[in-house]
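Q: Build the 3D model from these lines:
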Amino acid sequence: MKNYIVGYGSLISRESRLGTGGFRKCIPVNVIGFRREWNVVIPEERATYLGVVNSESYNFNGVIFSISEGDLEKFDKRETKYYERILVDEENIKFLSSKIDLDDSKIWLYVTRDPQAPSKKYPILRSYVNTVLSGVLRLDKEFYREFIKTTFNWEIIYEDLDNPRYPYSVESEEILLNKQMLSKLE
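A: Residues are numbered from 1 along each chain as shown. Below you'll find the predicted structure:
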């Protein structure tokens with residue numbers, strides 16, 4: 001039995017995935033029946049991160065990657081305080097490029113336990129946005145456009161690049177070279 005994780009935020013970034021588990025090649029997908037939004041408030045980091053909630057009329061783009069049982073435990077340790085790992089049906093996954101055989105597989109998605117909107121007290125961190133977009137921009141511009149379009153609650157972004165508060169923060173040439181794209185977020 002193979003295990004796969006759907007990444008829709010920082011797990012789209014290769015460097016962020018490497019910070020928790022072994023390198024995994026990722027494949028772009030569309031996930032049907034869920035809505036991606038800025039809704040995971042983490043008080044100890046004074047921030048709001050990306051999460052997903054069940055919502056039949058929505059979908060979002062992300063990536064899928066295989067994971068070992070040992071690495072799955074590492075990702076659980078990273079994610080399960082504010083997210084719940086759930087099984088996703090194969091019919092909810094639509095491949096955007098190459099396809100993999102998901103027979104005899106478990107597809108896991110971390111959904112938000114307690115959705116809350118960003119606030120001045122718990123803003124969206126620019127270091128987190130940059131980490132996410134470093135992975136998104138490596139895929140292609142259409143993936144980027146769809147990512148922005150299918151992500152909700154873009155509010156209150158805190159500029160923390162001089163002293164990043166996001167623990168898996170990455171510096172990325174793609175981000176530095178695409179300031180025009182970042183300005184569209186505001």
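Q: contacts, neighbours, all on C-alpha from now
A: Will do.
Q: which stretches of this structure have low pLDDT?
A: The chain contains residues with pLDDT under 70 at 18-24, 168-186.
Q: which residues in it form helices?
A: Counting by DSSP state H, the chain has helices at residues 14-18, 69-79, 126-139, 141-149, 173-177, 179-183.
Q: between the fourth one and helix 126-139, how big is the angle?
A: Between helix 141-149 and helix 126-139, the angle comes out at 140 degrees (axes from the mean of the first three to the mean of the last three Cα atoms, to 10 degrees).
Q: Tabulate the helices of the chain (JSON lines), appending distance to residue 167 and mean neighbour count.
A: Listed next are the helices of the chain as JSON lines, based on distance: least, Cα to Cα, whole Å; neighbours: other Cα atoms under 10 Å:
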{"stretch": "helix 14-18", "distance to residue 167": "9", "mean neighbour count": "19"}
{"stretch": "helix 69-79", "distance to residue 167": "11", "mean neighbour count": "14"}
{"stretch": "helix 126-139", "distance to residue 167": "9", "mean neighbour count": "23"}
{"stretch": "helix 141-149", "distance to residue 167": "22", "mean neighbour count": "15"}
{"stretch": "helix 173-177", "distance to residue 167": "18", "mean neighbour count": "14"}
{"stretch": "helix 179-183", "distance to residue 167": "21", "mean neighbour count": "12"}
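Q: Can you add distance to residue 50 and give the ones you listed back as JSON lines?
A: What follows is the helices of the chain, written out as JSON lines (distance: least, Cα to Cα, whole Å):
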{"stretch": "helix 14-18", "distance to residue 50": "14"}
{"stretch": "helix 69-79", "distance to residue 50": "12"}
{"stretch": "helix 126-139", "distance to residue 50": "9"}
{"stretch": "helix 141-149", "distance to residue 50": "12"}
{"stretch": "helix 173-177", "distance to residue 50": "18"}
{"stretch": "helix 179-183", "distance to residue 50": "17"}
